[in-house]
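S.K.: need a 3D model of the sequence below.
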Amino acid sequence: MSDGANPKDNPSTDLKLLHEEVPLLFNVIETSEEIPITIQPLLKELVQKAISPFEVKDGQWRLPHNLPAVSQNSSHGYLPSLPELVQRGNYVLDNRKTQQGDCAKVTRPKKKHGTLIPGIFCILCPHGICYGFEIMRDHESPNIPFTILRTRFPDAPELVIYDNACRLHEYCLNRDPAFFKKTKFVVDKFHWKNHSGCCEGYNMKLYPMLNMYNSQAAEQCNSCIKPLASMVSYMEYDNFFLFTKLHIWHRNMLRIVKYNPEREIAYKDYFLTLSRVIH
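M.R.: Take a look at the predicted model:
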């Protein structure tokens, strides 16, 4: 397109791909018969900016960092189906304060407690099943989701739906851009209204192929876990861990039954699963 090619010449492929991947640009050219000459220089600059994180000086593509294998479990959470594969690694920008982008995400002020943890970060599949949780150290820091994605997935997911996806995307590209090259980051529909000045490309509503996903899965899980706060806040660490694991396991089992109403799950299976959770 930056060279004048018109995606309308191949509507079933090029135009469809544009609609799915770059809806903002699709809206611009939807009413035009040809690509306006005036925007071609802009498109060339956008293409260059888009590929710049993945290029090296000699014109070759960057490769994901070769991180060392896990020597011992460094996790402070419970993600049994996503074992750690590599260590997180140390990045130059970890020790620098980077300037925030244009997005001014509106958040409620949170009261900090001197000794209690800020909360837990849950990761879910598209069906709302919770893989587990990681203990957070800062409410809005993208470090925890980045660490989970980089150390527990052999390949980066194709889609990440997160209430602070714009900042997480920037965080990931500043550390290991090649690993996240094919990952789409979008803000869930519930939280998009809190993003002021954010790029519309993160707006999940603009992508028609994402309508099949329940963007509220994380919020539904959080609302289920929130009542636990008053019970677990002053538990000893081992009891807190066990209680939270058991609660998430029970919620997952209820969802499995909900999505498979015709399947009879023997009580024996419940108890076997429960014994693995407890131990």
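
S.K.: what ranges do the strands span in the stretch 151-279 of the chain?
M.R.: 159-161, 184-186, 195-196 (DSSP state E, counting those that start in this stretch).

S.K.: which stretch in these has the least confidence?
M.R.: When mean pLDDT is averaged over each of the strands of the stretch 151-279 of the chain, strand 195-196 scores lowest at a mean of 84.

S.K.: where does the chain dip in pLDDT?
M.R.: For the chain, the stretches with pLDDT under 70 are 1-4, 98-102, 104, 106-118, 139, 261-279.

S.K.: so the most centrally placed residue in the chain bridges to which residues?
M.R.: Geometric centre of the chain, nearest residue: Val160, 3.3 Å, by Cα atoms, centre = their mean. Taking DSSP bridges, one obtains Phe185 as the residues bridged to Val160.

S.K.: number the residues from 132 up from this point.
M.R.: All set: I'll call the first residue 132, so the last point we hit is now Val291.

S.K.: show the contacting residues for it.
M.R.: The contact partners of Val291, by Cβ atoms under 8 Å, 6 or more residues apart in numbering, come to 276, 280, 299, 314-317. Glycine gets a C-beta too; all of them are placed from N, C-alpha and C.

S.K.: again, only using 10 Å
M.R.: Applying Cβ atoms under 10 Å, 6 or more residues apart in numbering to Val291 gives the contacts 254, 276, 280, 299-300, 303, 311, 314-317.

S.K.: quick one, which of the strands of the stretch 282-410 of the chain gets closest to Lys139.
M.R.: Taking Cβ to Cβ, strand 315-317 is the member of the strands of the stretch 282-410 of the chain nearest to Lys139, at 23.8 Å.

S.K.: verify the contact between Ser212 and Tyr262 for me.
M.R.: Yes. Ser212 is within contact range of Tyr262, at 5.6 Å (criterion: Cβ atoms under 10 Å).

S.K.: and the gap between the residue nearest to Trp192 when sequence neighbours are not counted and Gly208?
M.R.: Residue nearest to Trp192 in three dimensions, not counting chain neighbours: Phe185, with 5.7 Å by Cβ to Cβ, 6 or more residues apart in numbering. Distance, Phe185 to Gly208, using Cβ to Cβ, to the nearest Å: 30 Å.
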